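Participant: Give the three-dimensional model of this entry:
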Amino acid sequence: MTLMNCPSCGKEISDRAVQCPNCGQLISHETHEVVNEQKADDTQAEPKTEIPTHMQDAYTQNTYTHDMYTQNTQTESYNEPPQKQSAGLSIASMVIGIIALICICFPYVGIVFAIIGLVLGIIVLVKHKPGKGFAIAGVVMSALSLIVCILALIGVASLNSSINGNPLYSNLQEDTPVEEITEEPTEEVTEEATKEDNKESSEETTKETGAEETTELGKRSNPVPLGETITFSTNYYTDAEDKIPASVSMVLSNVIRGDDAYNFLMEANQFNEAAPEGYEWIIFDVSLKLDEGSVDDPYRVSNTFNVIDSSGSEVTQSGYASFANGEEFGWVDIYEGGKATGKTAVIAPVGDTSLVEFSDWNTNIFFALE
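Facilitator: From the prediction side, this is the model:
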């Protein structure tokens, strides 16, 4: 090993060094040759300093150790591996996707986590960050959670809409009593009311003491007689759930029962079945007219008749009878002034004085069959 001068700082270094330990200048092979030639010239021009024999081994060993240290340091600096990137975003995307799946029962929360998981996973895949497998799992779970949560919200909204559109539910809401703030009557109103009360009380005292009050027609205790027309008030609803008050006239007539009713049904349709043992078929004509209603929104005529026997129990309709085309009553739309007619068949105990109850989902009317 020989010494050479650094082409940058001029200090002596080993000819094996790839970098000057003093100034950091990189040493190339060509620089070695140039420096060696200069060294040879300097050696010829200047007398060589003699190193004592007993110090030559130590000097050679120190120089070699210094050159090896310099070379190893330079090699390590060039061969240092690049830093490994973290897969934190990928793992976060997968974890948030799992949370989104768990929160499916709470759609609003699940949607938030699903969107976050999707964004993180897409960032990892687009920017080619480490942890691609975690990111794909996070994207799949987040997307699945998002779809399920959205479908759940749509289902809940549809259910609420169907409930609100049900006339029975609307009636329950409308029938809920609401406290109203009323003004206290003035003295004049109080005096008039007192006079009217006194007049009514005087009229009542003139009536016979044993007189009974008449029950409203159409109740179970006072059913509509056969062949008599009853007019009652009801309500129906438009497609937009607007309430329409209506006045309806209705009458039942031409009752046949027992064998005559069964024979009539067999002539109308040979597949009609006989009434169960202990019961009989009852057939009657129905006529219904919409006296007051809407000229634009139809009133749906119901064919819902319940049979109440003499004990007050509802009779289960275990059979269904069909008529010839156009003879069956109900399930048609009529407008103000319109009319619907037809026949209806029900099952009742043999020989029982049963009543039939008509219902249009808002009003119930009882009719006698005898």
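Participant: just the strands in the stretch 251-370 of the chain please.
Facilitator: Along the stretch 251-370 of the chain, counting by DSSP state E, counting those that start in this stretch, strands occupy 279-292, 299-300, 304-308, 314-315, 333-334, 339-349, 355-359, 364-368.
Participant: Looking at the ones you listed, which is nearest to Ile150?
Facilitator: Ile150 sits nearest to strand 299-300 of all the strands of the stretch 251-370 of the chain, at 34.9 Å, using C-beta to C-beta. Placement of C-beta: from N, CA and C, glycine included.
Participant: what comes into contact with that closest one?
Facilitator: Contact with strand 299-300 is made by 236, 246, 248, 290, 293, 331-335, 338, as judged by C-beta atoms under 8 Å, 6 or more residues apart in numbering.
Participant: Least confident of those residues?
Facilitator: Least confident of these in the model: Trp331, at 89.
Participant: Next, find the distance separating that residue from Ala345.
Facilitator: Counting by C-beta to C-beta, to the nearest Å, the separation of Trp331 from Ala345 is 15 Å.
Participant: Ile154 too?
Facilitator: To Ala345, Ile154 is 43 Å away according to C-beta to C-beta.
Participant: domain parsing for this structure?
Facilitator: Here the domain parsing of the chain from automatic domain parsing is 3-77, 88-164, 230-368.
Participant: which one of the contacts of strand 299-300 sits closest to Glu267?
Facilitator: Of all these, Trp331 has the smallest distance to Glu267: 22.4 Å, by C-beta to C-beta.
Participant: Need the nearest residue in space to that closest one, chain neighbours excluded.
Facilitator: Once flanking residues are discounted, Trp331 sits nearest to Asn303: 5.6 Å by C-beta to C-beta, 6 or more residues apart in numbering.
Participant: and Glu183, what pLDDT?
Facilitator: Looking at Glu183, the pLDDT reads 51.
Participant: Would you agree Ser322 is in contact with Gly342?
Facilitator: No - contact criterion C-beta atoms under 8 Å: Ser322 and Gly342 do not qualify, at 12.0 Å.
Participant: Of the two, give the one with the bigger neighbour count.
Facilitator: Taking other C-beta atoms under 10 Å, Ser322 and Gly342 do not tie; Gly342 has more neighbours (18 against 13).
Participant: Run through the residues that contact the more buried one.
Facilitator: Here Gly342 is in contact with 285-286, 323, 326-330 (C-beta under 8 Å, 6+ apart).
Participant: Give me the distance between it and Ile27.
Facilitator: Distance, Gly342 to Ile27, using C-beta to C-beta: 115 Å.
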